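# Quick one: sequence plus predicted model below, questions after.
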Amino acid sequence: MGRPPDPGTGRVSQTAEAAPGTARTRTRSAFWIPFAFIAVLSCLWALAGPLFSVPDENAHATKAIAQVRGEVVGATEPGKKYLVVDLPTGYHYNHSAMCYLFVPTQSAHCTASFGDGTGRNYFENWVGAYNPIYYYLVGWPSLLTDNGAVGVYAMRIASALLGALLLAWAFQSALSSFRSRWLPLGLLLVAGPMVLYLVGSVNPNGVEIAAAAALWASLLRLLERHDDRLEAAWSALPSWYLWLIVTVSSILLANARSVGPLWLVIVVAACVAIAGRRAARAFFTRGRNYVWIAVIAAGTLFAGIWTLATGGVGAQAGAGDAPLVGKGFLSGFAAMIRFTPAFLEQQLGVFGWLDTPLPWILYAVISVAIGLVVVLALTGTDRRSAIVVLSSLVAIVLIPAVVQALTIGRTGMIWQGRYGLFLFLAVPLLAAWMLSAPAGARLAFLSVRVSWVALGLAGVFSIVAFFAVMRRYVTGFGEGIGKMFHPDWQPPLGWEALVGLYALAMTGFVLWLGFSARRIAVAEDARRADRVGAR
C-alpha cells in the first residue's frame, strides 16, 4: 500500500515512511483491545439483569429459541392475537418471570426460573414474523442446553460478542488514521452503558445500534480515501477491509428491524453529504466499488422482501393498544416533539422496560462530557463542520418525529428513545470527527486535556449506572444501599463480583483510550512538524 506524500513536495516524509509498519501493528490493537474491553463490559451487562428484564426480550428470546429449531415464523391460531411459537422442554415460559416489571421499588426475588416446568410450552409472540437473521446469529446457544435460564444467558452473551465485534470495527476504522486525535473520546461516548446494555441482551436493537456505529466510522473513512485532497487522512486499513466492514454492518443494520432499510439509507446519505461532492463523485465512478454495493443491495432487498411478505410493517392497532391510534400526521409530529426530552433521557440511560431511570446527577455528568465535544465542534471548527454537527442535533429530533408521525394512525404512539439511538450516537462521533479534521486544528492543543476530563466523566457515568441497575434488581430502589449486602436476589457470580469487574474493566478502557488520545496527538503533532519542515 502506498505512503502518503507531503503536499507541495511530492516526497514521502520520514514520519510517513516509518508509519505503515507501525500503523499496521497499531491497527490490530485498535481492534483487539476495544473488542476485549467491550466484550467483557457487555457480557457483564448480560449477566447483570434478570431474564427478560430488557424491553421485549421475552418475545425475542422465545422467537430465537423456536426459530433455531425450525419454526422460522410463528403459527396463526384461533383466538390468539399474535403468532404462536412452540417452546421445547426446558424452555417453557412462565409470565411470573417478569413479576418485578414497572415496580422499581421491588427486587427480582419473586421471579420464577425460566424453564422450571411451571410455564406454558408456547408463547404468543408479537415478533414471530420478524426478519430471521439476528435470531439465527444469537439463538444457536439454546441448542446446546436444556436449561432455559442457562440457554438465555448464553444467547445474551452471543449477542454481546456480536455487538462487541461491530463496535470494535467502529473503533478500528476511526482510530487507524492520522486524523483521529479526538476520536477516542467520541467512541467511548458511543459505547455508553445504554448501548452495552442493549448489546448484552436478546434484542435486535442492540446489534442494530452497533452495526450503525460501525457503518458511520467505516463508511466515512472509505469515502475520505476517495478525496485526493486529504493526504493526511491516510489509513492503515486496506480498502477491501473497510468495504468488508461497510458491507457486513450495512446488511445487519438493514435486517435488524423492519425499519432497517430506511436507517441504512439515512446513514449512507449522511456520510456521503459529510464527505463532500469530490469524494462522492470519485466513490461512485469507481467501478470495482459496485461489486460491494451490489452485495449490500442484495442484503437490503432481502430485508424489504421479508418485511413485505410477512406483513412486518405492522397491522392496524386497536384503540386501546397505544395512544393516538387513528390520529393524523400533525398530531403525531407534535406529540413526538413534546416527548423529545424523555426520548433523550432514554437514550442516555433508562433501563428495564423504561422503569429504571438513573439519578438526575448522572444525566448531568454525561451531558457535560457530550456537551464538551459538541460545543467545541460547533465553535472551534469551520462553518461546514459546524453545520454537520448542528444537522446531527436537528436529525435526532426531526427524523424520529417524522417517521413516527407517518405511521401514527396505524401503530399509535409506540416510539422509544432506543429506536433512534443510532442517530443520537452520531452526534458525539461526528463532533469528534470534525474536531479531528483540519478544520479543528486550532483546538488541537486541547484534545488530550479535554479527552481525559470527558473520558473520566463518561467512565464514572457508566460504572455508577451499572451499580444503579444492579441495585434496582438486587433489592429494589425502596431499600437503602446497605440492604444490598443482604440481597433479595443475586445475578450469576453475585452483584459484588459483577460491579467490581465492571469498574475494573471500564477503568482500564478509559485509561487505554486516554493514553491512545495522547499517543495519537503526539504522532499527529510530529507529522505536522515534519510536513512543515519538508517545505
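Structure's in. What do you need?
# Any buried residues in stretch 406-420, and which?
407-409, 411-420 (16 or more other CB atoms under 10 Å). All C-beta spots, glycine's among them, are computed from the backbone N, C-alpha and C.
# scratch that, stretch 374-381
Val374, Leu376, Ala377, Leu378, Gly380, Thr381.
# Can you tell me how far Ala75 is from Trp45?
Distance of Ala75 to Trp45, computed by CB to CB, to the nearest Å: 33 Å.
# the more surrounded of those two?
For Ala75 versus Trp45, neighbours defined as other CB atoms under 10 Å are more numerous around Trp45 (26 against 14).
# Pipe the buried residues of stretch 406-420 into JSON lines and attach distance to Ala211, pLDDT and secondary structure per row.
Listed next are the buried residues of stretch 406-420 as JSON lines, based on distance: CB to CB, whole Å; pLDDT from 0 to 100; DSSP: H, G, I helix; E, B strand; the rest coil:
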{"residue": "Thr407", "distance to Ala211": "23", "pLDDT": "92", "secondary structure": "helix"}
{"residue": "Ile408", "distance to Ala211": "27", "pLDDT": "93", "secondary structure": "helix"}
{"residue": "Gly409", "distance to Ala211": "30", "pLDDT": "90", "secondary structure": "helix"}
{"residue": "Thr411", "distance to Ala211": "24", "pLDDT": "89", "secondary structure": "helix"}
{"residue": "Gly412", "distance to Ala211": "27", "pLDDT": "91", "secondary structure": "coil"}
{"residue": "Met413", "distance to Ala211": "26", "pLDDT": "93", "secondary structure": "coil"}
{"residue": "Ile414", "distance to Ala211": "22", "pLDDT": "93", "secondary structure": "coil"}
{"residue": "Trp415", "distance to Ala211": "20", "pLDDT": "95", "secondary structure": "coil"}
{"residue": "Gln416", "distance to Ala211": "19", "pLDDT": "95", "secondary structure": "coil"}
{"residue": "Gly417", "distance to Ala211": "18", "pLDDT": "95", "secondary structure": "helix"}
{"residue": "Arg418", "distance to Ala211": "14", "pLDDT": "95", "secondary structure": "helix"}
{"residue": "Tyr419", "distance to Ala211": "14", "pLDDT": "96", "secondary structure": "helix"}
{"residue": "Gly420", "distance to Ala211": "15", "pLDDT": "95", "secondary structure": "helix"}
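# Which two among the residues you listed are spaced furthest apart?
Greatest spacing in the buried residues of stretch 406-420, by CB to CB: Gly409 and Arg418 (23.0 Å).
# so Ala236 touches Phe178, yeah?
No: at 9.4 Å, Ala236 and Phe178 do not qualify as touching, with contact defined as CB atoms under 8 Å.
# that older thread, name the nearest of the buried residues of stretch 406-420 relative to Asp146.
Closest approach between the buried residues of stretch 406-420 and Asp146, by CB to CB: Arg418, at 32.1 Å.
# three-state assignment of the nearest residue to Leu161 once chain neighbours are set aside?
In space, and not counting its chain neighbours, Leu161 is closest to Ala39: 5.8 Å by CB to CB, 6 or more residues apart in numbering. In three-state terms, and counting by DSSP: H, G, I helix; E, B strand; the rest coil, Ala39 is helix.
# show me what contacts Ala39?
Shown in contact with Ala39 (CB atoms under 8 Å, 6 or more residues apart in numbering): Ala160, Leu161, Ala164.
# Could you export the residues you listed to a markdown table, including columns for pLDDT?
Formatted as a markdown table, the contacts of Ala39 follow (pLDDT from 0 to 100):
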| residue | pLDDT |
| --- | --- |
| Ala160 | 98 |
| Leu161 | 98 |
| Ala164 | 98 |
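# Tell me which of those residues fall in helices.
Counted as lying in helices by DSSP state H, out of the contacts of Ala39, are Ala160, Leu161, Ala164.
# ChimeraX command for the buried members of these?
Applying 16+ other CB under 10 Å to these, the buried members can be selected in ChimeraX as follows:
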select :160,161,164
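# I'd guess Asp321 is in a helix, am I close?
No: using three-state DSSP, the secondary structure at Asp321 is coil, not a helix.
# quick one: contacts for the closest residue to it other than its chain neighbours?
Closest residue in space to Asp321, ignoring its immediate chain neighbours: Gly412 at 6.0 Å, by CB to CB, 6+ apart. Gly412 is in contact with Ala317, Asp321, Ala322, Pro323, Leu324, Val325, counting by CB under 8 Å, 6+ apart.
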